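Participant: only the shape, not the letters, is given here:
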């Protein structure tokens, strides 16, 4: 009977039943996400049935029991039996809902026996991924161009849901995520995995997934985390285990080479044009969200870099704040996020852009010297 | 119930009410203070509504068009604060001031000078809050829930103003609540026993206890935010031994009873209007009282259902899920009682009844989405999406605010002595009903499909839904100007209202003339 009812309902509400709907929860690609979807639909249908009964009785009254039809009102105002029935019956329905909900929840929270562990760290406004048992770690930033956001360019298919370096995980394996934050609370959400877990500064949360289908899965930060909360998407690529291992080895190799290259660059002088070009790119990608593309910041929230004392005069202070950040503010430490030549370039850029024109050139060697002091 | 002290009412002559502005500044009259609260609330409703219009205009299309994200966050934050503390709560306090003394046969509120003060500090609170928007760095931009550390370390300097304005709002609410409790406990007419009180009085009585219990908790939360930000404490900072999640526990321990503070008086209003226009006594009076008490009690045991994604232990998640689901039992009892009241009555559909019926249906829809949100595993998907936004706007706009509209139409004849224009009232209702659903119903779909809340820009698959929602929003906003016109028109004139303009209405307030004299029940009425 219930099955038939549900079938009828799903036929009458087609949008609610389709999997990839624009109007309904995704079924997702994991066992857990499917169970969550089923739970969602079951409770939705139960609510629909209750709604039909209650609103049906109400509309019956509205249509039939009208004064304009010359009805004389009844005077009954109490019935203990009826009241007991409509207290007990909802209670039983609730128990029926609680049982599958409890078992699904317990399955979701079982983080034991994982195959791969990834540390996910949120900060304003990007995600950082670090693979345990490997040297691979990197930041993942919004890849949508500012011109698309400001309506100067046509918006792409994955507008606001694309990043420069997605997280990569293996299919068929239990992947555990440790989730934390460097500043405010963020929330790491991938609808297709039915995972949403807050990233709390100073604490580590755990969750897990096992993805069966290779593919690209997109999500977003779900907890208000400041100005660019709407601009820190999550993109996860699930690959076959063999491909994943290959990818991971490549990343390790690349990160080793990058470190070597950085050491070599220490002895090289970059020209002003090179520094300014690289610096502008880094600035727009990492700094402009707060300090704005014109360097003027947002008064009272994000300081201006145009013509201010530190930028015009204090080179050491300037390097210090970019490398180490400023605790108690949104200014992050960029030592782990940028290479020495990138740090040098962006500081050079800030000291020469927007009419600052100090003429100061900072080289990677200067940063290295500062960091080794 | 009957009233047998009609003559005693007309001894106004010894009273010389000051006129002009001083009448309103120095008034200790519950009716004047009730009117002040109601006008203040409507003003704030328009101000908060204007901010909602900014939000909906920005979200009309993908991309950033009108405001920058930092200002957008200020709009969502201040919209929430103003609607909760400036529109809904003062409106209910205004109705309490006007109606509770008249419903229990008391001459005034028990503490009239405090009554004056609890109103007159409110405009200052909101002047401070709105003024902070013009500070360098802007006003509060951390959401009305002001989660630490976004509201502490990472907020602008207007946070201090935010904290003090919330303190003033809290003091005002606590004083209002004390006044309601003292009035109801001490000033009922002889023979007005507790179980004879109208449900509006009962629901406000319970609400007042909730207010006294939780407003100090809110005061504690904002004070800790203040000291964390300016005085070096570490309540919510892990580096100093604190915990940012503790903020959420404290906030929601206030926040969840707060939700019921904003809906229990609505239950009372609807329980007065549905019997009146069904011409049939309320079904299950006693069970309505017990259900209200049960909801209030349970409201202290469910706060962490706002926090399922913060990483609580499974046992805690299960406890809060079960308690939250349980709330639907007493809430269901109330809905069933309203439907049973209508059953085999003789219904008519004047504007108050239309708003009350819409309340029952749309609040129940908000209840259904609430039940869905209670289910922890699925809440992980719904949490912080537009599904939640849809849910709480169904219970607060088509719930609380529709009940306030219903109350206004129901008692306007008593307040002004004139009937409002019924045709315009019905236009207001139908335009509101259609636009509010165009506004909030599609939000369910946006949320299920994955649109997070509190974002100034969104990916392209949400473009159509947001455009529809914005159109509904503009229409709903404009429609409320019609309400203003109807009320002003009714205050200024119109068909003369009888003492009891609704033939099915019950209660002492209908035994005094319309408009209600400046002083009523100086001699207590007889209650049967």
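Facilitator: Thanks, I have the structure now. Since we're looking at a predicted model, the values are computed, not measured.

Participant: all contacts plus neighbour counts: C-alpha atoms, from now on.
Facilitator: OK.

Participant: the residue in chain A that chain B sits nearest to: neighbour count?
Facilitator: Closest contact between chain A and chain B, by C-alpha to the nearest C-alpha, is at residue A:300 (3.7 Å). Neighbourhood size, residue A:300 [other C-alpha atoms under 10 Å in any protein chain shown]: 15.

Participant: which helix or strand contains it?
Facilitator: Assigning secondary structure by DSSP states H and E places residue A:300 outside every helix and strand.

Participant: you'd agree it is up against residue B:137?
Facilitator: Yes. Contact criterion C-alpha atoms under 8 Å: residue A:300 and residue B:137 qualify, at 3.7 Å.

Participant: hey, what's in contact with both of these two?
Facilitator: Common contacts of residue A:300 and residue B:137 (C-alpha atoms under 8 Å, 6 or more residues apart in numbering or on different chains): B:156, B:157.

Participant: spatially central residue for chain B, please.
Facilitator: residue B:88 (3.0 Å; C-alpha atoms, centre = their mean).

Participant: and the pLDDT for the residue nearest to residue B:279 when sequence neighbours are not counted?
Facilitator: The shortest distance from residue B:279 to any non-neighbouring residue, by C-alpha to C-alpha, 6 or more residues apart in numbering or on different chains, is to residue B:504 (4.6 Å). You'll see residue B:504 listed with a pLDDT of 94.

Participant: same check, this time on the one 5 residues further on
Facilitator: Residue B:509 is assigned a pLDDT of 96 by the prediction.

Participant: tell me, how many residues neighbour it?
Facilitator: Other residues close to residue B:509 by other C-alpha under 10 Å number 25.

Participant: I'd say it and residue B:103 touch.
Facilitator: Yes. Residue B:509 is within contact range of residue B:103, at 5.4 Å (criterion: C-alpha under 8 Å).

Participant: hang on, the earlier thing: from residue B:423, how far off is the residue nearest to residue B:279?
Facilitator: 20 Å (C-alpha to C-alpha, to the nearest Å).

Participant: these two: which is more packed in?
Facilitator: Ranked by neighbour count (other C-alpha under 10 Å), residue B:504 and residue B:423 place residue B:504 first, with 18 against 11.

Participant: what about that one, distance to residue A:62?
Facilitator: Residue B:504 is 16 Å from residue A:62, by C-alpha to C-alpha.

Participant: what comes up buried for the helix or strand residue A:59 falls within?
Facilitator: Assigned by DSSP H and E, residue A:59 belongs to helix A:31-64. For helix A:31-64, a neighbour-count test (16 or more other C-alpha atoms under 10 Å in any protein chain shown) marks A:31-37, A:39-41, A:43-48, A:51, A:54-55, A:57-58, A:61-62, A:64 as buried.

Participant: so for the most centrally placed residue in chain A, what's the pLDDT?
Facilitator: Closest residue to the average C-alpha location of chain A: residue A:221 at 2.8 Å, with C-alpha atoms, centre = their mean. We have a pLDDT of 97 for residue A:221.

Participant: quick one: contacts for it?
Facilitator: A:186, A:187, A:188, A:189, A:229, A:230, A:232, A:233, A:234, B:452.

Participant: who wins on neighbours among these?
Facilitator: residue A:186 (31 neighbours).

Participant: so it is in contact with residue A:223, correct?
Facilitator: Yes. Using C-alpha under 8 Å, residue A:186 is in contact with residue A:223, at 5.0 Å.

Participant: got phi/psi on the residue nearest to residue A:266 when sequence neighbours are not counted?
Facilitator: Leaving aside its sequence neighbours, residue A:266 sits nearest to residue A:365 (C-alpha to C-alpha, 6+ apart; 4.8 Å). Main-chain dihedrals, residue A:365, degrees, to the nearest 10: phi -60, psi -30.

Participant: burial check on residue A:365, number of neighbours?
Facilitator: 19.

Participant: repeat that for residue B:19.
Facilitator: By other C-alpha under 10 Å, neighbour count at residue B:19 equals 8.

Participant: how near is it to chain A?
Facilitator: 45 Å (C-alpha to the nearest C-alpha, to the nearest Å).

Participant: so that residue sits in a helix?
Facilitator: No. Counting by DSSP: H, G, I helix; E, B strand; the rest coil, residue B:19 falls outside a helix, being coil.

Participant: where's it relative to residue A:84, distance?
Facilitator: Residue B:19 is 55 Å from residue A:84, by C-alpha to C-alpha.

Participant: tell me the helices and strands packed up against the helix or strand following the helix holding residue A:59.
Facilitator: Downstream of helix A:31-64, the next assigned helix or strand under DSSP H and E is helix A:80-108. Here helix A:80-108 touches helix A:31-64, helix B:314-342, helix B:376-382, going by 3 or more C-alpha pairs under 8 Å, 6 or more residues apart in numbering or on different chains; DSSP states H and E.

Participant: all set now, cheers.
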